[in-house]
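Trainee: Here's a sequence, model it:
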Amino acid sequence: MIRLRLLTSLVAISIALVLIFWGSLPFALLILTASIWGCVEFYNMARFAGRRPFFILGCGLTVFLVLSIYYFGLLGISLAIPVVVIVVLIYSFLLNLERGDFTDAALTVMGVLYFPLISFLILLHRFERGVYLVTLVLALTWINDGAAYLIGSTWGQRKLAPHISPNKTIEGAAGALAVTILFSLILFPLVRGPWGGLVSVGLRAIFGLTISILAQLGDLAESFMKRKFELKDSGNTFPGQGGLLDCGDSVVFNAVFSYWFFYLLQLF
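Mentor: Presented below is the predicted three-dimensional model:
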């Protein structure tokens, strides 16, 4: 199982790195594809639990959200989020009276706004040395996931959140924190550019600490959803790992945090 997980991860990481360094448009297309994919998996989980989110509408609004971010940046987010909420409400309660349901409408909006938060990586990608910043964020997130899995499966004894994710342990979480902070200290200098003078050793440690905490919270959040939907995995796309949400859940919160971390760093 470990070999299969490792092989799947290596293939996915290789494809992601090629598109990150290829250019802004290829990377944006990767994020767009992943966002639609994640939205579809979320809606499929909701359907399994007997809910009826507005599948086609939600996927269309996901495309609208990602393209708005790509073309208009932060302004696109302030434009897209109200449009998503308004359109879903209008569709649910005005154009779809017979099957209109508040929970289905809420799940539709969540499908559009949850995993597509990774679109903040598109904005981070545009910073100076942005390809390296995105690579750093993803590398630390993946290192955190790998460390939590390996340390937890080897030395884990005490359950971290047994009612949400029975396999996660306090030892795995603590070990992942330490390893991610260490690699943040090691890898940050490789970014270079203007960030070398802005990011002190203390900030590097804080960045690694926050990346690890948010990655684990993102993982737990997706586990909580699966628990509520009574599913083990969000899909079976990646052999040995599950669906895209299972593999990418730890990136979601970090995409938002990392953008604002480096954005504010430039200001101060």
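Trainee: Pass me the low-pLDDT residue ranges in the stretch 151-268 of the chain, would you?
Mentor: The stretch 151-268 of the chain contains residues with pLDDT under 70 at 238-241.
Trainee: could you pull out the strands for it?
Mentor: For the stretch 151-268 of the chain, the strands defined by DSSP state E, counting those that start in this stretch cover 159-161, 165-169.
Trainee: Nearest to F120, out of these?
Mentor: For the strands of the stretch 151-268 of the chain, proximity to F120 was assessed by Cβ to Cβ; strand 165-169 is nearest, at 24.8 Å. Just so you know, the C-beta spots here come from the backbone N, C-alpha and C atoms, and that holds for glycine as well.
Trainee: Make sure I have this right: P53 is in a helix.
Mentor: No: when classified by DSSP: H, G, I helix; E, B strand; the rest coil, P53 is found to be coil rather than part of a helix.
Trainee: isn't it right next to G111, touching?
Mentor: Yes: P53 is in contact with G111 according to Cβ atoms under 8 Å; the separation is 6.0 Å.
Trainee: any shared contact partners between the two?
Mentor: The overlap between the contact sets of P53 and G111 (Cβ atoms under 8 Å, 6 or more residues apart in numbering) consists of F42, Y43, A46.
Trainee: picking up where we left off before, name the residue in P53 and G111 with the higher neighbour count.
Mentor: Using other Cβ atoms under 10 Å, the more surrounded residue of P53 and G111 is G111, with 29 against 25.
Trainee: orientation of the host helix or strand of A139 relative to strand 165-169 in degrees?
Mentor: Element membership for A139, per DSSP states H and E: helix 130-155. Here the directions of helix 130-155 and strand 165-169 differ by 90 degrees (axes from the mean of the first three to the mean of the last three Cα atoms, to 10 degrees).
Trainee: packing partners for helix 130-155?
Mentor: Counting contacts by 3 or more Cβ pairs under 8 Å, 6 or more residues apart in numbering; DSSP states H and E, helix 130-155 is packed against helix 2-22, helix 120-125, strand 165-169, helix 170-191, helix 201-229, helix 244-267.
Trainee: Between the ones you listed, which one is closest to G73.
Mentor: Distance to G73, taken as Cβ to Cβ, is lowest for helix 120-125 among those, at 6.0 Å.
Trainee: same for the closest one, what does it pack against?
Mentor: With contacts defined as 3+ Cβ pairs under 8 Å, 6+ apart, the packing partners of helix 120-125 are helix 24-48, helix 55-72, helix 130-155, helix 244-267.
Trainee: Now do the second one: everything it contacts.
Mentor: It stands for helix 55-72. Against helix 55-72 from outside (Cβ under 8 Å, 6+ apart): 28, 31-32, 35-36, 39-40, 43, 47, 76-77, 79-81, 83-84, 87-88, 91, 108, 111-113, 116, 119-120, 122-123.
Trainee: From the chain's centroid, how far away is it?
Mentor: The chain centroid and the centroid of helix 55-72 are separated by 16 Å under Cα atoms, centre = their mean, to the nearest Å.
Trainee: Could you point out the helix or strand that follows that helix?
Mentor: Past helix 55-72, the next helix or strand by DSSP H and E is helix 74-90.
Trainee: Same question for that following helix: list its buried residues.
Mentor: Of all the residues in helix 74-90, those buried under the rule 16 or more other Cβ atoms under 10 Å are G76, I77, A80, V84, V85, V87, V88, L89.
Trainee: from the chain's centre, how far out does the very next helix or strand once past that helix sit?
Mentor: Counting by DSSP H and E, the next helix or strand C-terminal to helix 74-90 is helix 102-113. Helix 102-113 sits 18 Å away from the centroid of its parent chain (Cα atoms, centre = their mean).
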